[in-house]
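Chemist: compute the structure for the input listed below.
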Amino acid sequence: MSSNIGTAVELTVQPGESIQSVVNNASSGDEIVISPGNYNENIVITKDNLVIRSESENPGDTVITANNNASDVFFIDADNTTITGLSIMGAGIDRSGIYLSGSNNCTIDNNRLVNNALGIYVQYSMYNNILNNTVEQGKRAINVERSHYNTITNNDVSSQRFGIYATASEGNKLSENTANMNSNHGIVLENCNNSRLENNTANANNGYGIYIVYSTSNNLTGNTVDSNMIYGISFVDSSNSNITNNTAVNSSRGIFLLRSGENTILDNLALNNEYGIRISSGVSSNISGNEVSNCNASGISLLNSVNCTVNENLLLNDSLGIDLELSNNTVVLNNSLLEGGRGVSLRDSGNNSILNNTALNNRYGLYILRSQWNTLLNNTASTGVNHGIVLVNSTNNNFTNNILNSNGGHGVYLTNSSTNTFDNNTASGNSRGIYLISSNGNDILNNAILGNREYGVLLSYCTNNNISRNEASNNGRGIHLSTSQNNIVSRNIIALNSISGIFMSSTSNGNVVFDNYLNNVFNSDVKDGSEGNTWNTTKTAGTNIVGGPFVAGNFWAKPDGTGFSQTATDADGDGIADAAYKLPGNNYSDFLPLVGGSEPERSVAPPAEFNISGTGTGTSETKTKANETVVNKTETSKTENKTEVNTTKTNKTEMDDDSKVEMDDGIKVEMDVDETEDDMELD
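Modeler: Residues are numbered from 1 along each chain as shown. Okay, the predicted model is just below:
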């Protein structure tokens, strides 16, 4: 039966008739309508501009099964062909339900393909539309090879080995597809460039949800990957891509990039993964605006990566919020890290900038392990279960303008860490403000250390540290030295501490204390047995801590106004008492105690270099100039800790044989490295 529609002819095929015969007799522009029923044949189309559709437009009642399973059910070598509304099945090994070979501008729409080795196979073909198809039970549902600028939209592919697999192709758009429960991966791009993956769903696959390998300049937007056995979204040896506004949940790694550089990972949601977003051996990627929560290894992690930016992300309840391991020259900026294990973690990493981050209610706010030459500026690490900042076996790091308040443990905790600088930080309301154990050559400068329950600054087994120009007030103890030698304590405000201003244990020797303002009920508690501690420096012209004209000893006040420096005489008006101040309970004296002046303000600028006096034997009549001793501060040469990124390309493995999963690392995350602070006696 036929009818003319302009120059086109509608040709009808009934059960028992040959579709191939009708195709052979059709002319370009004809429409072949297949009536409901079962058809057993293989069909070859070599004429352009044909439409082959079911009469009912319901694939369930018009079924075409391969007569020869060693051939494609539909083989199309023609342009502008449309196949719609059919069930197509039975193509055997390496054969397809629909095969487009060198065909352009075709439409494959609303078909059901079942039990074909390859559901829809597009090879050397361009500008085709693969729409609204259902593909089940095969090897690859939709396979695109060396084919460009095709649109693959709203297809449902499941129970395959691979859902959608594109290789050596460019400019394709994959959108609104569902690729679930495939035995390997949901969607694969291999050697594909400038492709767009938009609003696809790839769930419950045994491998990866979306896998991009050896591909560049692709855009992934609005995709959902849930409960994939290994990774949600994975990029390997792929660069210059945008990964935006995707949802990656319930996988080993939500979003994972291996040896992939210059990618943008923006505004994604990564929940309930082992690793939320992970970059391994990456270069110059930007991770911004993502929400990463409930990840039991890390939220955002960089391994062996350089020159990345991690910016304005929200991390909630992750074991490690942002983790840099063997990673250098990275900026971590404006992130919120809440209710996790470690807010920001650096391990074996150098030359990174950690700026303007907020870490609240974590176990640790900022945790630095075996890392060098990092800058941590304007961060907040407060209300933590344990400590605000932890530094372990780390050197030459700089901490400036950080807020470290109301932590259950310490504001700052250093162990076995040397030549670091803490400048102008605030550590208030913690158990201990700043605590150093077995740490040498550090500068603790210009910090506000206020209202901590036990100690303001505590040094244990520490040498050659400089504790200067801080305010350590309203704590239990202001500055406390336990078994610590050759430290400088100068120009600090130490006031209104409930137990003592300065404490030294009997095993603390060779420390120098000068130009401090002390105003406590008990300003000093120095135990017998210590040796060589000095309580003043050589009288040197320069403004001292209370505004007098000379830097020399300390200002000894008491809250009730009866302190030595508040009552001592100064006959010559040089701002130094006429008599030495004898420290109570020991044999030490401050031979040049300060008097007069005014209460100091924080962060008084330091005077010029001064020398440090020995113990001396000053009397009330003569302000003795003691033996001059220059304080030696060893300067460590800067050695950059750059890690060379491993860019070795692995041998390409045919994807059909990728039963082996390439893991990014074999390094176990070091967790729960707690201090053993109670191994020393705080007497």
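Chemist: for the rest of this, base every contact and every neighbour count on C-alpha atoms.
Modeler: OK.
Chemist: low-confidence regions, the stretch 1-150 of the chain specifically.
Modeler: The stretch 1-150 of the chain contains residues with pLDDT under 70 at 1-6.
Chemist: one more time with 80, if that's ok
Modeler: In the predicted model, the stretch 1-150 of the chain carries pLDDT under 80 at residues 1-7.
Chemist: in this structure, what secondary structure element scores lowest on mean pLDDT?
Modeler: One helix or strand of the chain scores below all others by mean pLDDT, DSSP states H and E: strand 628-629, with a mean of 29.
Chemist: and residue 60, what is it in contact with?
Modeler: For residue 60, the contact set (C-alpha atoms under 8 Å, 6 or more residues apart in numbering) comprises 86-87, 112.
Chemist: one more time with 10 Å, if that's ok
Modeler: Contacts for residue 60 were tallied using C-alpha atoms under 10 Å, 6 or more residues apart in numbering; they are 36-37, 54, 85-88, 111-112.
Chemist: one more: residue 272?
Modeler: Per C-alpha under 10 Å, 6+ apart, neighbours of residue 272: 226-227, 248-254, 292-296, 299, 317-318.
Chemist: mind redoing it with 6 Å?
Modeler: With contact set as C-alpha atoms under 6 Å, 6 or more residues apart in numbering, residue 272 has these partners: 249-250, 294-295.
Chemist: shouldn't residue 22 be within a helix?
Modeler: Yes. Under DSSP: H, G, I helix; E, B strand; the rest coil, residue 22 falls within a helix.
Chemist: how much space between it and residue 439?
Modeler: Counting by C-alpha to C-alpha, to the nearest Å, the gap from residue 22 to residue 439 is 88 Å.
Chemist: neighbour count for the two, which is higher?
Modeler: Taking other C-alpha atoms under 10 Å, residue 22 and residue 439 do not tie; residue 439 has more neighbours (27 against 15).
Chemist: how near is the more buried one to residue 415?
Modeler: 6 Å.
Chemist: with residue 408 instead?
Modeler: Between residue 408 and residue 415 the distance is 18 Å, computed by C-alpha to C-alpha.
Chemist: and what of residue 185?
Modeler: Residue 185 sits 46 Å away from residue 415, going by C-alpha to C-alpha.
Chemist: ok, those two, which is more surrounded?
Modeler: residue 185 (32 against 23).
Chemist: give me the pLDDT for that one.
Modeler: Note on residue 185: pLDDT of 96.
Chemist: give the contact list for it.
Modeler: Residues near residue 185 by C-alpha under 6 Å, 6+ apart: 162, 205, 207-209.
Chemist: let's see that with 7 Å instead.
Modeler: 162-163, 205-210 (C-alpha atoms under 7 Å, 6 or more residues apart in numbering).
Chemist: do residue 78 as well
Modeler: Residues near residue 78 by C-alpha under 7 Å, 6+ apart: 45-48, 103.
Chemist: cool, and residue 44?
Modeler: Shown in contact with residue 44 (C-alpha under 7 Å, 6+ apart): 74-76.
Chemist: would you convert the residues you listed into TSV that also reports distance to residue 26, neighbour count and secondary structure?
Modeler: TSV is the format used below for the contacts of residue 44 (distance: C-alpha to C-alpha, whole Å; neighbours: other C-alpha atoms under 10 Å; DSSP: H, G, I helix; E, B strand; the rest coil):
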residue	distance to residue 26	neighbour count	secondary structure
74	16	24	strand
75	16	20	strand
76	15	22	strand
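Chemist: just the closest of these to residue 261, please.
Modeler: Comparing the contacts of residue 44 against residue 261 with C-alpha to C-alpha places residue 76 closest, at 39.4 Å.
Chemist: tell me what that closest one is bridged to.
Modeler: For residue 76, the beta-bridge partners are residue 45, residue 100 (DSSP bridges).
Chemist: that one against residue 101, yeah?
Modeler: Yes. Counting by C-alpha atoms under 7 Å, residue 101 is a contact partner of residue 76 at 6.1 Å.
Chemist: overlap in contacts of the two?
Modeler: Common contacts of residue 76 and residue 101 (C-alpha under 7 Å, 6+ apart): none found.
Chemist: neighbours around residue 560, how many?
Modeler: Using other C-alpha under 10 Å, residue 560 has 10 other residues around it.
Chemist: what strand or helix carries it?
Modeler: Here residue 560, judged by DSSP states H and E, is contained in no helix and no strand.
Chemist: look up how far residue 432 lies from it.
Modeler: From residue 560 to residue 432 the distance is 26 Å (C-alpha to C-alpha).
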